[in-house]
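Asks: Just a sequence and a predicted model for now, questions to come.
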Amino acid sequence: WREIPDIPHEARLLGYGLDFGFAPDPAAITAIYRWNSGYILDELLYQQRLTNEQLAIHINGLPKAPLVADSAEPKSIEELRQYGVRVIESEKGSDSVRAGIKHLQGLKISFTSRSKNLKNEYENYAWKVDKKTGENLGIPDPNCENHLLDSARYGLWNLTKIIDHKEKRILVRRNPLRPRVNIAL
């Protein structure tokens, strides 16, 4: 991960990731940009005690782009939709946390200097360790702060799949080795 001063003007906004929280955990929103064959994360919100209505007001004030939220909160997602927020539920399933983290580890990621909480979470991220053996269990330590990292994981896991699918479709259409067939009618 690399810190950059700001978002370059050539970067393209892909969307946002949202991790719900209230107290003591904050709600966290990360903007996700595509740039220079990698991604830029920009911390937009890290705040406790926000109601879903307050959260919706904040989201509706952002530039329009897909928002991917933690699917473990269907009631909150439905409330945001009632306030006019277009929400995509993050794909989840067995081992989705580990798979999402592995996915992020394979990406070229930068983050903005103003993303102080994101930087702090990244630098202090910890894995759960077996107390008897000291072995890394391969799952995040539930005691470490990871709200912005989770919001980034939800967004990147889902948005990069959409991008990969679109890019593959374009490559198939533009493949110069693929013969064109003209059918005379």
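Replies: Cool, the structure landed.

Asks: Would you map the strands across this protein?
Replies: With strands called from DSSP state E, the chain shows them at 2-4, 12-19, 27-35, 38-47, 67-69, 87-89, 109-112, 127-129, 136-140.

Asks: which one of the ones you listed has the lowest average pLDDT?
Replies: Among those, strand 136-140 carries the lowest mean pLDDT, at a mean of 83.

Asks: Could you pull out the buried residues of that one?
Replies: By 16 or more other CB atoms under 10 Å, the buried positions in strand 136-140 come out as residue 140. For glycine as for every other residue, the C-beta is placed from the backbone atoms N, C-alpha and C.

Asks: strand partners of it, parallel vs antiparallel please.
Replies: Counting by DSSP bridges, the strands paired with strand 136-140 are strand 127-129 (antiparallel).

Asks: hang on, the earlier thing: quick one: which of the strands of the chain is nearest residue 159?
Replies: strand 12-19 (4.9 Å; CB to CB).

Asks: what sits up against the closest one?
Replies: Residues outside strand 12-19 that contact it (CB atoms under 8 Å, 6 or more residues apart in numbering) are 27-35, 39, 44, 55, 59, 62-63, 65-70, 87, 90, 147-148, 150-156, 159, 163.

Asks: Can you give the distance of stretch 12-27 from its chain's centre?
Replies: Averaging C-alpha positions (CA atoms, centre = their mean, to the nearest Å) puts stretch 12-27 9 Å from its chain's average.

Asks: Show me where the protein dips below the pLDDT cut-off.
Replies: Applying pLDDT under 70 to the chain flags residues 162-185.

Asks: Look up how far residue 42 lies from the most centrally placed residue in it.
Replies: Central residue of the chain (CA atoms, centre = their mean): residue 155, 2.3 Å from the mean position. The gap separating residue 155 from residue 42 is 11 Å, by CB to CB, to the nearest Å.
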